[in-house]
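> Need coordinates for the below:
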Amino acid sequence: MSKDYQSLANLSPFELKDELIKIASGDGNRLMLNAGRGNPNFLATTPRRAFFRLGLFAAAESELSYSYMTTVGVGGLAKIEGIEGRFERYIAENRDQEGVRFLGKSLSYVRDQLGLDPAAFLHEMVDGILGCNYPVPPRMLNISEQIVRQYIIREMGADAIPSESVNLFAVEGGTAAMAYIFESMKVNGLLKAGDKVAIGMPVFTPYIEIPELAQYALEEVAINADPALNWQYPDSELDKLKDPAIKIFFCVNPSNPPSVKMDERSLERVRKIVAEHRPDLMILTDDVYGTFADGFQSLFAICPANTLLVYSFSKYFGATGWRLGVVAAHKENIFDLALGKLPESEKTALDHRYRSLLPDVRSLKFIDRLVADSRAVALNHTAGLSTPQQVQMTLFSLFALMDESDQYKHTLKQLIRRREATLYRELGTPPQRDENAVDYYTLIDLQDVTSKLYGEAFSKWAVKQSSTGDMLFRIADETGIVLLPGRGFGSDRPSGRASLANLNEYEYAAIGRALRKMADELYAQYTEQGNKR
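Numbers count the residues shown, from 1 in each chain. Have a look, this model is predicted:
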């Protein structure tokens, strides 16, 4: 087993997963439980029903343009004139359909609560879901941006920021956002080879791997969360950000895999460092799990001028296949200021790069450079997230905004927390409740679990046995359970990451029992060797 592991040591945990699955599957005659991936097995159905019902209305609107023709299946561009009246008739005629009822409420909310033009909203949704035009503007459709922005501001705890002060770029999920951001920062001279990037650890593995790529060649500085502090960053670690050589702080909040949000002390520490020591510090935060946290507040809310926020709709709405995300930037930000401070030679080179977009290249904001760079600049006119995707994103946002009692959110929180409680109950080590815990993932820490079960001496022995790195392979081989290695996410302790989102409750009970059985067998081996508790 250890030899097999060593030959795969350089693989990302997400590639290593496939090897673990092969081992866990055995001869195919036993149940394999894959707790390694974060794809949820729950999803929001109401906004999806609305999407499909809206599509039917949109198709009928399109066919109005060619209603004089006898040819079946030909439509044209939807007309805004009279669209609100036609839509209200459609709602009245189909009010027994859940998705249609939601659409009717959405129109009322957009008009009466958000103060947006209902006809313009409907026309954008109809045109968007038909997918008959390029995204215009390419960064994001106008009304969709206003609605999604309201959702982002509310969920990220950024209510103090005026809505109109935030720009969004709709992208193909959080991973696309990160790829775009790093590429644009490189080509615009904001990050250069050899620059230091601070990374909050443990973290989603690709975020460790991206800065290491030869095309970026960045020097990584670990900002280590402490398991003894419930996976918060100690002040001593955050104080590394005072180093002026560190250009950007890159983190996932709530974290992956510890699955805790930054507490008020940490947020205040970062705010103070930025205000008093590092007003030039760039911050990049991936807050995809923020919607699962209680009272969440993003670094974007704390340091808006310094922060690029990435949010994906994938986990909360069960929409990994939709590829929906946004990059949020404050209109007054240090990224644009940094562009203005570049040497004249670099500005001249960038003038040439973006000269096909506008006469005054130097007025082009960083977020708009992201859009252009996502299509190699020359194809900027065809940039942007597909319009049907933007429509679904908008409906997801409306669904959350209109759920004033947060019933959907409470249901999901209860679901994953029951799964966590079940797993650890069967393992025999119930977790301590932490107000900052999100529980989308759990790090099953070998040292912590074995110590709680059989004491410190056994724990030290068990950790030593795992030093060859084959523990997760043994778990897969002996129990049929797939966990991802905590070390692959930057954790310095032997541990396995389990998603609490992708299996059913009885399966988490089975995982807990299987891991407890394995721990008991290890303890029996320990005592047979003459050791005592």
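> Okay, strands next: where are they in the stretch 1-150 of the chain?
With DSSP state E, counting those that start in this stretch, the ranges of strands along the stretch 1-150 of the chain come out as 33-34.
> now it, which segments are flagged as low pLDDT?
Counting by pLDDT under 70, the ranges of the stretch 1-150 of the chain that qualify are 1-15, 27-30, 69-71.
> try the chain
1-15, 27-30, 69-71, 467-469, 487-492, 532-533.
> longest helix in it, by residue count?
helix 505-528 (DSSP state H).
> So the residue nearest the centre of the chain versus residue 75, what's the distance?
Centrality entry for the chain: nearest residue to the mean C-alpha point is residue 288, 2.9 Å, by CA atoms, centre = their mean. Distance, residue 288 to residue 75, by CB to CB, to the nearest Å: 37 Å. Glycine gets a C-beta too; all of them are placed from N, C-alpha and C.
> Ok, residue 205 next?
Taken as CB to CB, the spacing of residue 205 relative to residue 75 amounts to 46 Å.
> thinking again about what came up before, could you give me the buried positions within the longest helix of the chain?
Of the residues in helix 505-528, those buried under the neighbour-count criterion (16 or more other CB atoms under 10 Å) are 507-516, 518-519, 522-523, 526.
> That helix: how far from the chain's middle?
32 Å (CA atoms, centre = their mean, to the nearest Å).
> Now do it: everything it contacts.
With contact meaning CB atoms under 8 Å, 6 or more residues apart in numbering, helix 505-528 is reached by 31, 33, 35, 418-420, 422-428, 444, 449-450, 453-454, 458, 461-462, 465, 474-475, 478-481, 498, 500, 503, 533.
> let's see 7 Å
With CB atoms under 7 Å, 6 or more residues apart in numbering as the test, helix 505-528 has contacts from 33, 35, 418-419, 422-428, 449-450, 453-454, 458, 461-462, 475, 478-479, 481, 498.
> quick one: which of those sit in strands?
Here DSSP state E is the test, and these give 33, 481, 498 as lying in strands.
> what residues are up against the residue nearest to the centre of the chain?
If a contact means CB under 7 Å, 6+ apart, then residue 288 has 174, 311-312, 314-315 as its contacts.
> how about those in CSV, adding secondary structure, neighbour count and distance to residue 398?
Below are the contacts of residue 288 laid out as CSV (DSSP: H, G, I helix; E, B strand; the rest coil; neighbours: other CB atoms under 10 Å; distance: CB to CB, whole Å):
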residue, secondary structure, neighbour count, distance to residue 398
174, helix, 24, 21
311, strand, 29, 16
312, strand, 25, 18
314, coil, 21, 18
315, coil, 23, 19
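> out of those residues, who's nearest residue 273?
residue 311 (23.5 Å; CB to CB).
> The closest one against residue 327, yeah?
No - under the criterion of CB atoms under 7 Å, residue 311 is not in contact with residue 327, lying 8.3 Å apart.
> quick one, helices of the stretch 251-400 of the chain?
The residue ranges that make up the helices of the stretch 251-400 of the chain, judged by DSSP state H, counting those that start in this stretch, are 264-276, 299-302, 334-340, 344-353, 366-373, 387-402.
> Tabulate these (TSV), appending mean neighbour count and distance to residue 493.
Compiled in TSV, these are given as follows (neighbours: other CB atoms under 10 Å; distance: least, CB to CB, whole Å):
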stretch	mean neighbour count	distance to residue 493
helix 264-276	16	20
helix 299-302	24	25
helix 334-340	17	35
helix 344-353	13	43
helix 366-373	23	37
helix 387-402	23	36
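> Select, out of these, the one closest to residue 41.
When the helices of the stretch 251-400 of the chain are ranked by proximity to residue 41 (CB to CB), helix 387-402 comes first, at 17.8 Å.
> rewinding a little: CA atoms only for the longest helix of the chain - export them in PDB, please.
C-alpha atoms of helix 505-528 as PDB (Å, rounded to 0.1, in the frame of the first residue of the first chain):
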ATOM      1  CA  GLU A 505     -27.700  10.100   6.700                       C
ATOM      2  CA  TYR A 506     -27.700   6.300   7.000                       C
ATOM      3  CA  GLU A 507     -24.500   6.300   4.800                       C
ATOM      4  CA  TYR A 508     -22.800   8.700   7.200                       C
ATOM      5  CA  ALA A 509     -23.800   6.400  10.000                       C
ATOM      6  CA  ALA A 510     -22.100   3.500   8.100                       C
ATOM      7  CA  ILE A 511     -19.000   5.600   7.700                       C
ATOM      8  CA  GLY A 512     -18.800   6.300  11.400                       C
ATOM      9  CA  ARG A 513     -19.300   2.700  12.300                       C
ATOM     10  CA  ALA A 514     -16.700   1.500   9.800                       C
ATOM     11  CA  LEU A 515     -14.100   4.000  11.000                       C
ATOM     12  CA  ARG A 516     -14.800   3.100  14.600                       C
ATOM     13  CA  LYS A 517     -14.300  -0.600  13.800                       C
ATOM     14  CA  MET A 518     -11.000   0.200  12.200                       C
ATOM     15  CA  ALA A 519      -9.900   2.200  15.200                       C
ATOM     16  CA  ASP A 520     -10.900  -0.700  17.500                       C
ATOM     17  CA  GLU A 521      -8.800  -3.100  15.400                       C
ATOM     18  CA  LEU A 522      -5.800  -0.700  15.500                       C
ATOM     19  CA  TYR A 523      -6.200  -0.500  19.300                       C
ATOM     20  CA  ALA A 524      -6.300  -4.300  19.500                       C
ATOM     21  CA  GLN A 525      -3.100  -4.400  17.500                       C
ATOM     22  CA  TYR A 526      -1.600  -1.800  19.800                       C
ATOM     23  CA  THR A 527      -2.400  -3.800  23.000                       C
ATOM     24  CA  GLU A 528      -1.200  -7.100  21.500                       C
END
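> Let the chain start at 545 from now.
Happy to do that; since the first residue is 545 now, the last one works out to helix 1049-1072.
> re the thing from before, and of the helices of the stretch 795-944 of the chain, who's closest to residue 624?
For the helices of the stretch 795-944 of the chain, proximity to residue 624 was assessed by CB to CB; helix 931-946 is nearest, at 15.8 Å.
> now what about that closest one, what contacts it?
588, 590-591, 594-595, 649-650, 653, 669, 672-673, 675, 677, 679, 684-685, 688, 691-692, 694-695, 698, 714, 857, 861, 866-868.
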